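# coords please:
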Amino acid sequence: MSCKEPKTLRVACFKDGRRKIITFKRGAYWWSSSEGAYPLSAALEAITDQGGWVETIPNPNYRPKGMFG
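As a prediction, the model looks like this:
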């Protein structure tokens with residue numbers, strides 16, 4: 001697999017406890033199940049408008065490559 005997991009993830013957090021992972025594919029895009037992918041700058045505005053914020057968290061799926069990996 002050529003897909004490399006990033007070391008950290010950006011997560012949009014909302015006061016009601018909802019969280020969404022922000023995905024980056026060929027530039028910064030936010031994925032929404034209803035709207036599909038759209039530019040991150042627009043997403044950040046939408047997140048803050050809804051009273052949310054963005055946190056950076058360590059990626060639990062990140063596996064650093066060893067010497068032979």
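
# give me the number of residues near Arg19?
11 (other CB atoms under 10 Å). C-beta here means a position set from N, CA and C on the backbone, and glycine is covered the same way.

# what's opposite it in the beta bridge?
Taking DSSP bridges, one obtains Cys13 as the residues bridged to Arg19.

# and Ala43, helix, strand or coil?
helix (DSSP: H, G, I helix; E, B strand; the rest coil).

# now do it, the pLDDT please.
Each residue has a pLDDT score; the one for Ala43 is 73.

# ok, Asp16 next?
93.

# equivalent analysis for Glu55, please.
Reported pLDDT for Glu55: 89.

# that one contacts Phe14, correct?
No - with contact defined as CB atoms under 8 Å, Glu55 does not count as touching Phe14 (11.2 Å).

# surely Ile57 meets Leu9?
Yes - in this structure, Ile57 is within contact of Leu9 by CB under 8 Å, at 5.4 Å.

# what about these two, which has more around it?
The residue with more neighbours, out of Ile57 and Leu9, is Leu9; 18 against 12, by other CB under 10 Å.

# please name every helix or strand in contact with whichever strand or helix holds that one.
Here Leu9, judged by DSSP states H and E, is contained in strand 8-13. Judged by 3 or more CB pairs under 8 Å, 6 or more residues apart in numbering; DSSP states H and E, the packing partners of strand 8-13 are strand 19-22, strand 53-58.
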